[in-house]
Each structure stands twice: as structure tokens, then as C-alpha cells.
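[1] here is my input; please provide its structure:
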Amino acid sequence: MAQKPRLLDQVRDRIRFRHYSIRTEQAYLGWIRRFILFHEKRHPLERGAPEVERFLSALATEHNVAASTQNQALSAILFLYREVLGIELPWLDTVQRAKRPQRLPVVLTREEVRSVLAHLQGRNALMASLLYGAGLRLLECVRLRVKDIEFERRQIVVRDGKGGRDRMTLLPESMRPALEEQIDRVREIHKQDLTDGFGSVGAGRGRST
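    Next comes the predicted model:
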């Protein structure tokens with residue numbers, strides 16, 4: 001009889017089935033692990049809403065976490081109970097909420113952005129320009145492929161973005177030359193790798209005969 005997967009492995013499998021990002025996976029697993037340790041490694045099936053409330057309240061009152069951090073912990077635990085254990089927890093009314101600080105957002109001026117970009121070179125400068133000019137998130141930029149860039153339509157296709165959804169964003173015309181140069185450079189590297197690979201195979205065959 002096959003052994004049932006461990007709880008955290010079940011959580012990981014369910015997260016990947018739902019196509020959540022790797023960062024969400026890491027965060028959720030971390031919070032669920034902390035929740036289990038907080039209750040002396042007792043299985044979550046032996047715990048319910050009161051224990052969840054106690055854990056979340058402790059984050060706010062004892063560890064002084066930010067409101068967004070507490071909300072992330074709550075999302076992780078709700079995912080555990082709903083998606084993995086198949087249990088709906090009643091609304092957590094008695095949780096001591098972390099205070100959300102009232103701060104004005106810090107927005108760089110165009111001159112400040114230009115100054116930052118001027119200190120970058122090569123691929124780093126290209127990626128930072130895409131983050132700013134096309135509104136890409138960091139992982140979206142890292143995962144960008146050649147076929148996702150549509151020069152004629154001046155668009156970038158973001159595949160499997162936040163929430164597992166695809167979306168379109170604008171490609172700034174000013175970035176076209178740098179992107180084309182980067183694509184040409186990658187194609188040359190790829191072509192050289194293929195040439196070297198076939199050359200090595202051919203040389204090996206020559207020696208073996």
C-alpha cells in the first residue's frame with residue numbers, strides 16, 4: 001500500500017496544481033510550517049479556528065508583523081484548510097489585526113528614473129527598462145521569451161502572470177533597438193552552441209573510425 005504524502009508535500013502539489021507562483025509556494029509553505037510549529041507540531045486536523053486566531057493574533061501582538069504579512073499568513077492557512085484538508089473555517093472575528101501604517105507611496109520622478117537607468121549597463125539596463133517602461137513584474141521579465149515580443153504590434157505577451165493569467169502590455173518604441181540587439185545576440189550564441197555541438201560529435205566519430 002502506497003504511503004500517503006506528507007502534509008507539506010500535499011500542500012506543494014496543490015499549489016502547483018493551481019499554478020501559483022514559486023514565491024507564493026515558498027511563502028505558503030513557510031507560514032504553514034510556522035503554524036504547525038507554533039502549536040507544538042500537532043497536525044492541523046487537530047486544530048481549528050481558535051488555534052488559527054491565536055497564531056495570527058500572536059503575529060500581530062508578539063512579533064509586530066505588518067498587516068500585509070499577517071494577511072499572507074492567513075491566506076496560507078486558509079489555503080491549507082480549504083484546498084488540502086477540505087475544511088471551511090468559520091470567519092475569524094477575534095483575530096487581533098496588525099495595524100496598517102498610513103504612508104504616502106514613494107514615486108520616482110522621470111529624472112530620477114533616468115538617473116537610475118543611466119547607472120545600469122547591458123542586460124541589467126534592458127531588464128530594468130522593461131520593468132519601468134512595460135510595467136512587467138520581476139519574474140515576468142525573467143521569464144520573457146522571444147516569441148512573447150510582438151514588434152509589429154508593439155506589444156509584449158505576459159504568459160502565466162499573477163494569478164496564472166496571461167495578459168498584454170505595451171512595448172515602448174524606444175526599447176525596440178535594445179531588444180532587437182539582445183535577441184540577435186542570443187541567436188548568435190544559440191547558433192554557435194549548435195555548431196560547436198555538431199562539431200564535437202563529428203570529431204568524435206572521426207576518431208572512432
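
[2] the protein - how does it break down into domains?
    Domain segmentation of the chain under automatic domain parsing yields 7-84, 110-185.

[3] report the rounded mean pLDDT for stretch 105-114.
    Averaged across stretch 105-114, the pLDDT comes to 83.

[4] list the contacts of that stretch.
    Residues outside stretch 105-114 that contact it (C-beta atoms under 8 Å, 6 or more residues apart in numbering): 116, 132. Where C-beta positions appear, they are placed from N, C-alpha and C, glycine not excepted.

[5] can you get me the start-to-end distance on that stretch?
    With C-alpha to C-alpha, to the nearest Å as the measure, the first residue of stretch 105-114 is 19 Å from its last.

[6] centre of the chain to that stretch, how far?
    25 Å (C-alpha atoms, centre = their mean, to the nearest Å).

[7] stretch 75-85 too?
    With C-alpha atoms, centre = their mean as the basis, the mean position of stretch 75-85 lies at 19 Å from the chain mean.

[8] stretch 173-184 too?
    Counting by C-alpha atoms, centre = their mean, stretch 173-184 comes out at 26 Å from the chain centroid.

[9] circling back to that earlier point, and of the domains of the chain, who's closest to D196?
    Each of these has some distance to D196 by C-beta to C-beta; the shortest is domain 110-185, at 16.6 Å.

[10] quick one: the helix or strand harbouring L117 to chain centroid distance?
    Using DSSP states H and E, L117 maps to helix 110-118. In this view, helix 110-118 has its centroid 26 Å away from the chain centroid, taken as C-alpha atoms, centre = their mean.

[11] so what touches the next helix or strand after that helix?
    Once the chain leaves helix 110-118, the next helix or strand it forms, by DSSP H and E, is helix 122-133. For helix 122-133, contacts defined as C-beta under 8 Å, 6+ apart pick out 113, 116-117, 120, 136-138, 141-142, 144, 156, 172, 174-175, 178-179, 182.

[12] which of those residues are buried?
    Buried members of the contacts of helix 122-133, counted by 16 or more other C-beta atoms under 10 Å: 117, 136, 141, 144, 156, 175, 179, 182.

[13] a markdown table for the residues you listed, including distance to R23?
    Compiled in a markdown table, these are given as follows (distance: C-beta to C-beta, whole Å):
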| residue | distance to R23 |
| --- | --- |
| L117 | 25 |
| L136 | 15 |
| C141 | 14 |
| L144 | 17 |
| I156 | 21 |
| M175 | 26 |
| L179 | 26 |
| Q182 | 25 |
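
[14] those in strands, which ones?
    Cross-referencing those against strands under DSSP state E gives I156.

[15] export the buried ones among the contacts of helix 122-133 as JSON lines, with columns for distance to L194 and pLDDT.
    Putting these into JSON lines (distance: C-beta to C-beta, whole Å; pLDDT from 0 to 100) gives the following:
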{"residue": "L117", "distance to L194": "34", "pLDDT": "87"}
{"residue": "L136", "distance to L194": "29", "pLDDT": "88"}
{"residue": "C141", "distance to L194": "26", "pLDDT": "87"}
{"residue": "L144", "distance to L194": "22", "pLDDT": "86"}
{"residue": "I156", "distance to L194": "27", "pLDDT": "91"}
{"residue": "M175", "distance to L194": "28", "pLDDT": "86"}
{"residue": "L179", "distance to L194": "23", "pLDDT": "88"}
{"residue": "Q182", "distance to L194": "19", "pLDDT": "87"}
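
[16] lovely, talk soon.
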